[in-house]
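**Student:** Mind folding the following:
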Amino acid sequence: MATYDASEAHKHIKPELMDEFKKALADAEAQGQEVYSVIVGNGVPLLYSVRDKS
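**Tutor:** Numbering: from 1, shown residues only. Predicted coordinates for the structure are as follows:
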């Protein structure tokens, strides 16, 4: 497992999971938050770190 900045995580996620990844980013945005890092294991996003946008 590795932790990536959210802007770089897409390079390490399996293509078939990319839609789910983009949806998670959009969901956070819709709630007034942003994803700033993602833990990825074997191409699967496992944990998203989010914070309120200020």
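
**Student:** For Asp27, pull up the helix or strand it's in.
**Tutor:** helix 18-30 (DSSP states H and E).

**Student:** Tell me the first helix or strand C-terminal of that helix.
**Tutor:** Helix 18-30 is succeeded, C-terminally, by strand 33-41 (DSSP H and E).

**Student:** by contact count, what packs against that following strand?
**Tutor:** strand 2-5, helix 6-9, helix 18-30, strand 44-52 (3 or more CB pairs under 8 Å, 6 or more residues apart in numbering; DSSP states H and E). Quick note: C-beta positions are derived from backbone N, CA and C, even for glycine.

**Student:** mind listing what it pairs with, with the direction of each?
**Tutor:** strand 2-5 (antiparallel), strand 44-52 (antiparallel) (DSSP bridges).

**Student:** quick one: which of the ones you listed is nearest Tyr36?
**Tutor:** strand 44-52 (5.6 Å; CB to CB).
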